[in-house]
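> Structure for the following, please:
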Amino acid sequence: MNMVRNQYRNRTRRAATAAVTLLMAAGLGSAAAGASSAAATAPQTRQIASSTLGSDYKITLTALRSTEDEYAASVRLQVYTQTGGAWKESDRVTVGDVDGWFWYPLTGSGAVCEFSTASTEPAPLTVSLQITPSIGCSEPTHYVVKQGRVYAG
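Down below sits the predicted model:
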């Protein structure tokens, strides 16, 4: 009878150990999945305008989809200068408020109402973007690019 009890206890211990091992593996798998989904939540981006001013500056407007609200977006204005034969970012600013734009109008046709630049030093820059098709365009925002840096104009 003792032999039967010992076999029963050993089976029970092995089953318990196997169950704990499976739970730990599932927990670790969930943590790894959480980490990979966190890496996958980097904002979706779309370049909506670009201008190259000779060999001095390259200026881009990029829409960044909000990770908090699928309908919201931010707009990043980046300035690049030539360094060693390659374009290197020299400055960036957010146009308007963070998540202050709507993703779909911003990435659709007619999103850029005005994007004007000039090859002078300092280089004037004007940006106006579509708020929504029914509202229309934003008021123009004026900047100046001087020695690779962006300033309010």
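
> The spatially most central residue of the chain: what secondary structure?
Averaging the C-alpha coordinates of the chain gives a centre point, and the residue nearest to it by CA atoms, centre = their mean is residue 43 (2.9 Å). Local secondary structure at residue 43 is given as coil here, using DSSP: H, G, I helix; E, B strand; the rest coil.

> got the contact list for residue 112?
When contacts are counted by CB atoms under 8 Å, 6 or more residues apart in numbering, residue 112 is found next to 48-49, 61, 128-130. (C-beta placed from N, C-alpha, C; glycine too.)

> What mean pLDDT does stretch 71-84 get?
When the per-residue pLDDT values of stretch 71-84 are averaged, the result is 96.

> For it, what is the distance to the chain centroid?
On the basis of CA atoms, centre = their mean, to the nearest Å, stretch 71-84 is displaced by 11 Å from the centre of the chain it belongs to.

> and it, which residues are buried?
For stretch 71-84, the neighbour count (16 or more other CB atoms under 10 Å) marks 72-81 as buried.

> what does stretch 112-122 give?
112, 115, 117.

> Keep only those of those residues that are in helices.
When DSSP state H is applied, these are split such that none fall in helices.

> Mind picking the one among those residues that's closest to residue 91?
Here the nearest of the buried residues of stretch 112-122 to residue 91, counting by CB to CB, is residue 117; it sits at 14.3 Å.

> Just list whatever residues bridge to the closest one.
When assigned by DSSP bridges, residue 117 has beta-bridge partners residue 125.

> How about residue 89?
Bridge pairing for residue 89 - DSSP bridges - gives residue 80.

> What of residue 64?
Assessed by DSSP bridges, residue 64 has beta-bridge partners residue 45, residue 74.

> Provide a list of residues in contact with it.
Residue 64 makes contact with 43-45, 73-76, according to CB under 8 Å, 6+ apart.

> This protein: strands as residue ranges?
Secondary structure of the chain (DSSP state E): strands located at 45-53, 57-65, 72-83, 86-95, 101-102, 112-117, 123-132, 136-137, 141-146, 149-152.
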